[in-house]
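Peer 1: Sharing a model that was predicted from the sequence below.
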Amino acid sequence: MYNKLNDTITRLMGLRYRSHPWHGIEVGKEAPQIVTAFIEMVPTDTVKYELDKVNGFLCIDRPQRYSSVVPALYGFIPQSYCGDSFAQHCMEQIKRENISGDRDPLDICILTEKDIAHGDIIASARPIGGLRMLDGSEADDKIIAVLKNDATYSNYNDISELPSIVTERLKHYFLTYKDMPGEKRRVEITHTYGCEEAYEVIRYCLNDYKTFLEEMHDVLG
């Protein structure tokens, strides 16, 4: 999937300098069926880490206030962007208006039987579904995937095949991880969808990234 960052000069620079996790890592030739993901957090993290989109390093977003831990590897799909076409698709699916994309890369959770010690790594994952999530008026979907060739989870081809407790844990985490005492919950999961819809969501976000890149190119001259 070509874009202006993937020219010869950028590739040569990548041999000397660390690639930006959002812009400099290829999503993979088999996308959306197999995607490269950048992992920000693992289940043992007690601090929420998030990519600094300017410099490409992980930063401490906030300590986890309560005993809530992400139940899977958590990160994003490089060279994706939750923009206008993604938001339009969301509105069509949930029959609502005035929804925008959250202007971030598309989030992904990766299920594996293995204990991964830390984030700031990349992994090959196979999407099997997703959670259609709203954070206020912003669409903030979470793609659910399995680690490629995982001994346990690679047998699952669609989110409907997962044990219900696995899906419920994922839902519970994302519904509650931003909760603060005395504040009204902003987060809502409207649907759980299967692998084919996950592919569609990924395609929209990959195309939105192309548009985002063109807009940035025009701004920078």
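Peer 2: It's in.
Peer 1: How far off centre is the longest strand seen in the chain?
Peer 2: Looking across the chain with DSSP state E, the single longest strand is strand 121-135. For strand 121-135, the separation from the chain centroid amounts to 5 Å (computed by CA atoms, centre = their mean, to the nearest Å).
Peer 1: Give me the helices and strands touching it, please.
Peer 2: Contact partners of strand 121-135 among helices and strands, from 3 or more CB pairs under 8 Å, 6 or more residues apart in numbering; DSSP states H and E: strand 35-41, helix 84-94, strand 107-111, strand 142-147, helix 164-176, strand 187-194, helix 195-220. Backbone N, C-alpha and C define where each C-beta goes, glycine included.
Peer 1: 10 Å instead, please
Peer 2: Applying 3 or more CB pairs under 10 Å, 6 or more residues apart in numbering; DSSP states H and E, we find strand 121-135 packed against strand 35-41, strand 73-76, helix 84-94, strand 107-111, strand 142-147, helix 164-176, strand 187-194, helix 195-220.
Peer 1: What mean pLDDT does it get?
Peer 2: Strand 121-135 shows a mean pLDDT of 97.
Peer 1: same thing with stretch 186-194?
Peer 2: In the prediction, stretch 186-194 has an average pLDDT of 95.
Peer 1: tell me the contacts of the closest residue to residue 171 other than its chain neighbours?
Peer 2: Spatial nearest neighbour of residue 171, excluding adjacent residues (CB to CB, 6 or more residues apart in numbering): residue 189 at 5.7 Å. For residue 189, the contact set (CB atoms under 10 Å, 6 or more residues apart in numbering) comprises 131-134, 140-142, 170-172, 174-175.
Peer 1: Any chance of TSV for the residues you listed, columns distance to residue 107 and neighbour count?
Peer 2: Shown next, in TSV, are the contacts of residue 189 (distance: CB to CB, whole Å; neighbours: other CB atoms under 10 Å):
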residue	distance to residue 107	neighbour count
131	9	23
132	12	20
133	9	21
134	13	19
140	7	21
141	7	29
142	5	23
170	11	23
171	14	16
172	16	13
174	9	22
175	14	15
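Peer 1: Let me have the residues you listed in TSV, adding distance to residue 160 as columns.
Peer 2: As requested, the contacts of residue 189 are arranged in TSV below (distance: CB to CB, whole Å):
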residue	distance to residue 160
131	13
132	15
133	18
134	22
140	22
141	17
142	16
170	14
171	14
172	18
174	18
175	20
